[in-house]
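Asks: just need the structure, nothing else, for what follows:
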Amino acid sequence: MPAPLPRPSILSIEPYVGGESKIPGVNRIVKLSSNEGAFGVPPGAQAAYAKLATELHRYPDGGATALREAIGARFGLDPARIVCGNGSDELIGALIMSYGGEGTELVMSAHGFVMYDIAGRYAGSQVIKVPEKNFTADVDAMLAAVGPRTKLVFLANPNNPTGAFLPAAEVARLRAGLREDVLLVLDAAYAEYVTRPDYDPGTGLIEAGTNTVMTRTFSKVFGLGGIRLGWCYAPAPVVDILNRVRGPFNVNAPAMAAGIAALAEPGWVEKSVAHNDEWRAKVSDGLRTAGITVHPSEGNFILADFGTPARAKAADAALKARGLIVRAMGSYSLPHCLRITIGTAEECGMVLDALTGFLRSAPADA
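Replies: A predicted model of the protein is given here:
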């Protein structure tokens, strides 16, 4: 019997594949493939999560009121303009399903986060990937790609997987060049790691108009990737739409408790950012000295460029032989690159040792 057929755009989607976490036959695994925080879960978040174990029969607060208030207090934002989700991926998907769809276009940079492409195709939008300059989003090219059917423009800033960054003035120029009916979504998953003075994750543009949204996550610096917790800050009309379409209990109670505690963990973000600044520079400098191109990054990861897909694959195998898992970049049209998360000091040292050893022993055409 013939099976029911989905919309044709669904069949064009390649399923998302997360960072690897296992290597057969290897006892100690160092997972540096998913940009998870170097220090694990904040102690306060662990305790808050465990405390909810006897209350799991109760439904959570569908409005995530306490969590929104905690986010607002931490970042100086209006809680009424915050929507929480099951990871920022849920909110990205909801925005695309709400404002995109058949007959519309979604514009993104060529090496932007793959979920924009997946969710766009799922909604039936035509996804337009705009070439970048030096692995950085090109504002002029993105504006040139916008047409009468464009309804959404996505910009990850800093970008995953390249680590590239656009200063606030360039993001403002992008917004100013878009029509008023085009929604600009600024994915600021790695905002906490940026220490540059010319950076704005999107707050200013959101508070100045009705057509910009900022998405954020607890999966990176706050160390809560396993519970899937994200949020967005948006104009009131967009908040209204998201609250109409999201699930009524889309964030579970232990996740909300852990998120509130993580926000309050004394010195956690400061310690994490200082460590990242130190070891991102050390790993980048060490690999460049060894002869590997490393692109500038503002996230908790680096993009190492090995020149050819074969050489990147050989380097990946050399890392796996030592129990080190990083992220191959073929799904981002960067098969010659590996994305490497900044882990602990020990883990970063292991990466440097493994890759310098690989370069000493590998043939030039590997």
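
Asks: how far does whichever strand or helix holds Leu359 sit from the chain's center?
Replies: Here Leu359 sits within helix 345-361, counting by DSSP states H and E. In this view, helix 345-361 has its centroid 26 Å away from the chain centroid, taken as CA atoms, centre = their mean, to the nearest Å.

Asks: can you list contacts of it?
Replies: Outside of helix 345-361, the residues within contact range by CB atoms under 8 Å, 6 or more residues apart in numbering are 30, 32, 38, 275, 279, 282-283, 286-287, 290-292, 304, 314-315, 318-319, 321-322, 324, 326, 340, 342-343. Backbone N, C-alpha and C define where each C-beta goes, glycine included.

Asks: take those and keep only those in strands.
Replies: Among the contacts of helix 345-361, DSSP state E puts 30, 304, 324, 340 in strands.

Asks: quick one: the second one and Ser297 touch, right?
Replies: No - using CB atoms under 8 Å, Ala304 and Ser297 do not qualify as a contacting pair, with a distance of 10.2 Å.

Asks: so which of those two has more stuff around it?
Replies: Applying other CB atoms under 10 Å to Ala304 and Ser297 shows that Ser297 carries more neighbours, namely 27 against 24.

Asks: surely that one touches Gly163?
Replies: Yes - counting by CB under 8 Å, Ser297 touches Gly163, with 2.6 Å between them.

Asks: quick check: neighbours shared by these two?
Replies: Contact criterion CB under 8 Å, 6+ apart; residues shared by Ser297 and Gly163: Leu303.

Asks: ranges for the strands of this structure?
Replies: Ranges of strands in the chain, per DSSP E, are 30-31, 82-85, 105-109, 126-130, 150-156, 183-187, 212-217, 230-233, 293-295, 301-305, 324-325, 327-328, 337-341.

Asks: okay if I get these as JSON lines plus distance to Ala253 and mean pLDDT?
Replies: Shown next, in JSON lines, are the strands of the chain (distance: least, CB to CB, whole Å; pLDDT from 0 to 100):
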{"stretch": "strand 30-31", "distance to Ala253": "28", "mean pLDDT": "94"}
{"stretch": "strand 82-85", "distance to Ala253": "12", "mean pLDDT": "98"}
{"stretch": "strand 105-109", "distance to Ala253": "33", "mean pLDDT": "98"}
{"stretch": "strand 126-130", "distance to Ala253": "35", "mean pLDDT": "98"}
{"stretch": "strand 150-156", "distance to Ala253": "30", "mean pLDDT": "98"}
{"stretch": "strand 183-187", "distance to Ala253": "26", "mean pLDDT": "98"}
{"stretch": "strand 212-217", "distance to Ala253": "19", "mean pLDDT": "98"}
{"stretch": "strand 230-233", "distance to Ala253": "16", "mean pLDDT": "98"}
{"stretch": "strand 293-295", "distance to Ala253": "41", "mean pLDDT": "96"}
{"stretch": "strand 301-305", "distance to Ala253": "31", "mean pLDDT": "98"}
{"stretch": "strand 324-325", "distance to Ala253": "32", "mean pLDDT": "97"}
{"stretch": "strand 327-328", "distance to Ala253": "32", "mean pLDDT": "96"}
{"stretch": "strand 337-341", "distance to Ala253": "29", "mean pLDDT": "98"}
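
Asks: Ile92 is nearest to which of these?
Replies: Smallest distance to Ile92 across the strands of the chain (CB to CB): 6.1 Å, for strand 212-217.
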